[in-house]
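Colleague: here's my sequence, what's the structure:
(chains A, B, C and D)
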Protein chains: 2
Amino acid sequence: MKVFLDALKQISPLSEKAIEAFSEMTKEEELSKGHLLIKAGTVCNYIYFIEAGLSRTFYYKDGKDVTDWISAEGSFAASVVSFITRQPDIRNVELLEPSRICAISYANLEKLYADYHEIERLGRLLVSYGLVQLQNRFDDLHFASAQERYMKLMNTQPSLINRVPLGMIASYLGITQETLSRIRAKV
Amino acid sequence: MKVFLDALKQISPLSEKAIEAFSEMTKEEELSKGHLLIKAGTVCNYIYFIEAGLSRTFYYKDGKDVTDWISAEGSFAASVVSFITRQPDIRNVELLEPSRICAISYANLEKLYADYHEIERLGRLLVSYGLVQLQNRFDDLHFASAQERYMKLMNTQPSLINRVPLGMIASYLGITQETLSRIRAKV
DNA sequence: TTAATTTTTTGATAAATGTCAAAGGATAGG
DNA sequence: CCTATCCTTTGACATTTATCAAAAAATTAA
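Modeller: This is a model prediction of the structure:
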């Protein structure tokens, strides 16, 4: 839990009271590799913070497994669209490594937002930073070549290369695993 | 201004006081086609709401004009990444039609956020819905064909087809104008 | 309206990436 | 340590999309 609360404080200062309220609303769990945090077709009722470990968000498009997002320790995992819209979504979230996570439910978070202006602010900032991250990935996908995208991933998150199977990384980058394998052979 | 305030109220209820504060902080303008709202290389200090008209966000990648976003009446325009991170960004925003806009500065918005919990909530919701929109476009770019993307645009925002030059729409969809022209001829 | 400019289409060709198939490697459980 | 499974690479070929060039169509300004 400490890693989680420290990360929150980094985003925006929180009073002792708010931190306590947060920690009361949050439950910590140790889960094994392969555990499904969120199942496609359901409404995502939890946001997870990865204190240790690794997860990926994925769905099926035309029968093919698409890796939408990868969350390592220190970041959040969820079916964000479903969490926000309160509609079922096609995304699953699974653990790629045994992980220690903090989970907070939609209902509890709403309560915290309503009770604490400072937590509402924190939430706004978190979503804002998420938007910036997504825009960066969007820009890559928009007009960068497969090789450019791979290079950028190597520069920004090199550790993922050894922790995530190549096929999932390829899909994350929007290419096939054969193409990624060839890029890798060339570079 | 009324269109803007009504749109805000739709997102989240606001007290009379908050609405008044908002309208005091907002300035309304009529601007002509071609007007540059935001210039590349600067920090984006305003968020614009388009009451009437049309804008696009664009930048240059390898000397080529890339249309990043298109905002029609009832939506927001900004260099969102720059507005959030307070860093200069490569994006420009220009008007594609004579437009009536409402502008609110970063500093004023921060003040509103600090003074009104209800406005902070509104801000969180606005960013959240923006995130959902971007995720939808991201999904298309991730693993949908050029034709699928065009079809989806036709279904969701058909009016843009007649208001925005084909080259900009093509770029918005992540393809060349020749490819879009051929898709159009085929469909 | 004409003339100039911009936008869109079309054709030929090239480049990037995908698909299918199969062979090697690596890894984990019995 | 052996076998089954999963992961990665490689090859041959197909498809999609980009590039370059030029013509046709539409729009704008004089």
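
Colleague: with adjacent residues omitted, what lies nearest to A:Gln135?
Modeller: With Cβ to Cβ, 6 or more residues apart in numbering or on different chains as the criterion, A:Gln135 has its nearest non-adjacent residue at 5.3 Å, and that residue is B:Val81. (C-beta placed from N, C-alpha, C; glycine too.)

Colleague: spatially nearest residue to A:Ile9, not counting backbone neighbours?
Modeller: Quick fix: residue A:9 is Lys, not Ile. Per Cβ to Cβ, 6+ apart, closest to A:Lys9 is A:Ile19, 7.4 Å.

Colleague: ok, then the element right after the helix ranked longest in chain A?
Modeller: With secondary structure taken from DSSP state H, chain A has its longest helix at helix A:117-143. Note on helix A:117-143: by DSSP states H and E, the next helix or strand toward the C-terminus is helix A:146-156.

Colleague: just name whatever secondary elements that next one is in contact with.
Modeller: helix A:117-143, helix A:158-163, helix A:166-173, helix A:177-186 (3 or more Cβ pairs under 8 Å, 6 or more residues apart in numbering or on different chains; DSSP states H and E).

Colleague: A:Ala72: which of those helices is closest?
Modeller: Minimum separation from A:Ala72 across the helices and strands packed on helix A:146-156 (Cβ to Cβ) falls at helix A:158-163, 7.0 Å.

Colleague: could you pull up phi and psi at the residue nearest to A:Gln135?
Modeller: Dihedral pair for B:Val81: phi -60, psi -40, per degrees, to the nearest 10.

Colleague: got a pLDDT number for it?
Modeller: On pLDDT, B:Val81 comes in at 98.

Colleague: what's the local residue count around the spatially closest residue to A:His142 that is not a sequence neighbour?
Modeller: Distances taken as Cβ to Cβ, 6+ apart put B:Gly174 closest to A:His142, at 5.2 Å, once the chain neighbours are dropped. By other Cβ atoms under 10 Å in any protein chain shown, 19 other residues sit near B:Gly174.

Colleague: run through the residues that contact B:Gly174.
Modeller: A:141-143, B:141, B:146, B:149 (Cβ atoms under 8 Å, 6 or more residues apart in numbering or on different chains).

Colleague: also A:Ser128?
Modeller: Neighbour list for A:Ser128: B:84, B:127 [criterion: Cβ under 8 Å, 6+ apart].

Colleague: give me the distance between it and DNA strand D.
Modeller: Distance, A:Ser128 to DNA strand D, using Cβ to the nearest atom of the strand, to the nearest Å: 31 Å.

Colleague: kindly report the same for A:Pro88.
Modeller: Noted for A:Pro88: a distance of 27 Å to DNA strand D, by Cβ to the nearest atom of the strand.

Colleague: confirm that A:Lys33 sits in a helix.
Modeller: No - counting by DSSP: H, G, I helix; E, B strand; the rest coil, A:Lys33 is not found in a helix; it is coil.

Colleague: and it, what pLDDT?
Modeller: On pLDDT, A:Lys33 comes in at 92.

Colleague: what residues does chain A put near DNA strand C?
Modeller: A:145-147, A:174-176, A:178-179 (Cβ under 7 Å from any atom of the strand).

Colleague: tell me, which of those residues make contact with DNA strand D?
Modeller: Checking the residues of chain A next to DNA strand C against DNA strand D (Cβ under 7 Å from any atom of the strand), the matches are A:Glu178.

Colleague: chain neighbours aside, what residue packs nearest to the residue nearest to the spatial centre of chain A?
Modeller: The residue lying closest to the centre of chain A (Cα atoms, centre = their mean) is A:Ala77, at 3.2 Å. Closest residue to A:Ala77 apart from its sequence neighbours, by Cβ to Cβ, 6+ apart: A:Ser71 at 4.0 Å.

Colleague: buried ones in the helix or strand the one you found falls within?
Modeller: Assigned by DSSP H and E, A:Ser71 belongs to strand A:64-72. By 16 or more other Cβ atoms under 10 Å in any protein chain shown, the buried positions in strand A:64-72 come out as A:66-72.

Colleague: what pairs with the helix or strand following that strand, and is each one parallel or antiparallel?
Modeller: Next helix or strand after strand A:64-72 toward the C-terminus (DSSP H and E): strand A:76-77. Within its sheet, and counting by DSSP bridges, strand A:76-77 is paired with strand A:46-52 (antiparallel).

Colleague: Provide a list of residues in contact with A:Glu73.
Modeller: Counted by Cβ under 8 Å, 6+ apart, A:Glu73 has contacts A:3, A:50-54.

Colleague: cutoff 6 Å now
Modeller: A:Glu73 is in contact with A:50, A:52, counting by Cβ atoms under 6 Å, 6 or more residues apart in numbering or on different chains.

Colleague: can you check the one 4 residues further on too?
Modeller: With Cβ under 6 Å, 6+ apart as the criterion, the residues that contact A:Ala77 are A:48, A:55, A:71, A:93.

Colleague: ditto for A:Gln177
Modeller: Applying Cβ under 6 Å, 6+ apart, the residues near A:Gln177 are A:166-167, A:170.
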